[in-house]
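1. Got a predicted structure here, sequence first:
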Amino acid sequence: MRLILVLAALPTLAWAAPAADLASLEREAAGLIPPFQQQLMQTVKQAVAEGGPVQAVQACQLLAPTIAVEHSQHPWKVGRTALRLRNPDNQPDAWERQVLEDFLQRQRAGEALTQMSASAVVDGEFRYMQAIATGEPCLACHGQAIKPEVAAQIKQGYPADQASGFRLGELRGAFTLRRTLAEATP
Ligand code: HEC
């Protein structure tokens, strides 16, 4: 009896990454994105309404990293990354860079960015990314015709900014989520 119990527990102890478990991790990751995204959007919208786009840049600089931390509920870590960065702290690692390149390829091949995602197990961690398209409200701060006063504020906060000049519908970046797998099986 004891042996049977031990054997039954084995597959969960040694992480065999069965497809079903990965699918449920994907669902869990995807579910964490909308509240994170909504809070970012709401924060920017409110800042624009209250003080205009220059203040909104400051608000975004101040609050975006905190919002990511708030939404990183153990064991998940959520964030954003991109190939062309505004905040150097959002630098992609090797896997993220590869996925972002793949997203560009997939878009070129005709796939819509909406719901474009990728997942993998990398060094004992489950990783998940979801593409972020450049939408109309993003152009004020990431587009090709950024108002001079907004551009100046961006330059001041991010002297090495590369995240301007985007067109509507272009890949702006991605949500990126990770969690260790060791804790997936308590
Ligand atoms: C008011 C100006 C403003 C608007 C509007 C804005 N952003 Fe940003 N964005 C910023 C700033 C400032 C940062 C850097 C903050 C951070 O993530 O630490 C940033 C960072 C990002 C990042 C993280 C990667 C990086 O470059 O550091 C992504 C992805 C992003 N923005 C996408 C968008 C999208 C998509 C929209 C439209 C829905 C949008 N932004 C609208 C100012 C803005």
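-> Right, received. Where do you want to start? Numbering: from 1, shown residues only.

2. wait, residue 92 sits on residue 80?
-> No. Contact criterion C-beta atoms under 8 Å: residue 92 and residue 80 do not qualify, at 10.0 Å. Where C-beta positions appear, they are placed from N, C-alpha and C, glycine not excepted.

3. Now do the shared contacts for the two.
-> Residues touching both residue 92 and residue 80 (C-beta atoms under 8 Å, 6 or more residues apart in numbering) are residue 176.

4. residues in contact with residue 59?
-> Neighbour list for residue 59: 43, 44, 46, 47, 51 [criterion: C-beta under 8 Å, 6+ apart].

5. I'd assumed residue 114 was in contact with residue 107.
-> No. The criterion here is C-beta under 8 Å, and residue 107 misses it with residue 114 at 10.6 Å.

6. Spit out the residues that contact these two alike.
-> Common contact partners of residue 107 and residue 114 (C-beta under 8 Å, 6+ apart): residue 131.

7. quick revisit: who has more neighbours out of residue 92 and residue 80?
-> Using other C-beta atoms under 10 Å as the criterion, residue 92 and residue 80 rank with residue 80 on top: 22 against 19.

8. got the phi/psi numbers for the more buried one?
-> Phi and psi for residue 80, reported as degrees, to the nearest 10, are phi -130, psi 150.

9. Who has more neighbours out of residue 107 and residue 114?
-> Legend: neighbour count by other C-beta under 10 Å for residue 107 and residue 114, higher for residue 107 (17 against 8).

10. Please, where are all the strands along the protein?
-> Remark: strands assigned in the chain by DSSP state E are 77-81, 117-122, 125-133, 171-180.
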